[in-house]
Every structure is written in structure tokens, then in C-alpha cells.
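>>> please find the sequence and the predicted model below.
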Amino acid sequence: MSDVPAVSQATGMPVTRLRGSRRVVRPGAPGTDPTPQSVEDAVRAAEDTDTSWSTRSSDSNDDQLKQDVPPHWG
């Protein structure tokens, strides 16, 4: 087994096999950041709000919708 990275026939990207391991290491897609976002610098998404996690108040009509069920639901 050589240390020269092989090239994937499917994608044409270099593939490195670690010695003694059955896993393959592939580089990231071109133009992407190879390092993940750290926990300390995490950015909250715009759609990630408290209301999207169902912590809103009960002033909506949820209670009314739960009461308005068909008779066969018992």
C-alpha cells in the first residue's frame, strides 16, 4: 500500500486510505470550509426562534382546535 492518494473513479477526487484503517479520507467539496463551526462561535439561524420550538403562549387558537374534534374521536 503506497502513501500516494488514489483517485476515485466515481468522482475523480483524491482518496486517502489511512494505514491500518478501513475508512477513507476524502477532501471536502471545492469552495467549502474544511473546518466545522465551533460551539463558541455558533450563529443562530433566522428561523431558529423560540416560537418555532413551540414555546409560544396559549393565546393562539390551539386549544379551540383541540376541542373541535369529530364525535367519533371520543
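Cool, the structure landed. All of these numbers come straight from a predicted model, not from anything done at the bench.
>>> does Thr16 count as helix, strand or coil?
Thr16 falls in the strand class when you classify it by DSSP: H, G, I helix; E, B strand; the rest coil.
>>> same check on Gln64?
Secondary structure assignment for Gln64 (three-state DSSP): helix.
>>> neighbours of it, how many?
8 (other Cβ atoms under 10 Å). Placement of C-beta: from N, CA and C, glycine included.
>>> for it, give me its contacts.
Neighbouring residues of Gln64 by Cβ atoms under 8 Å, 6 or more residues apart in numbering: there are none.
>>> local confidence estimate at it?
Here, the pLDDT recorded for Gln64 equals 81.
>>> any stretches of the chain with poor pLDDT?
1-5, 7-10, 17-18, 37-39, 41, 51, 54-59, 74 (pLDDT under 70).
>>> all helices for it, in order.
62-67 (DSSP state H).
>>> what ranges do the strands span in it?
For the chain, strands defined by DSSP state E occupy the ranges 6-7, 14-17, 24-25.
>>> ranking these by burial, who's on top?
Of all those, strand 14-17 carries the top mean neighbour count, a mean of 14, counting by mean count of other Cβ atoms under 10 Å.
>>> just the C-alphas of that one, formatted as PDB.
In PDB, the C-alpha atoms belonging to strand 14-17 read as follows (Å, rounded to 0.1, in the frame of the first residue of the first chain):
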ATOM      1  CA  PRO A  14      -8.300  12.200  -4.500                       C
ATOM      2  CA  VAL A  15      -8.900   9.500  -1.800                       C
ATOM      3  CA  THR A  16      -6.500   8.700   1.000                       C
ATOM      4  CA  ARG A  17      -6.700   5.500   2.900                       C
END
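>>> which secondary structure elements does it contact?
Packing contacts for strand 14-17, counted by 3 or more Cβ pairs under 8 Å, 6 or more residues apart in numbering; DSSP states H and E, involve strand 6-7, strand 24-25.
>>> what would the ones you listed look like in TSV with distance to Asp63?
Converted to TSV, the helices and strands packed on strand 14-17 look like this (distance: least, Cβ to Cβ, whole Å):
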stretch	distance to Asp63
strand 6-7	61
strand 24-25	54
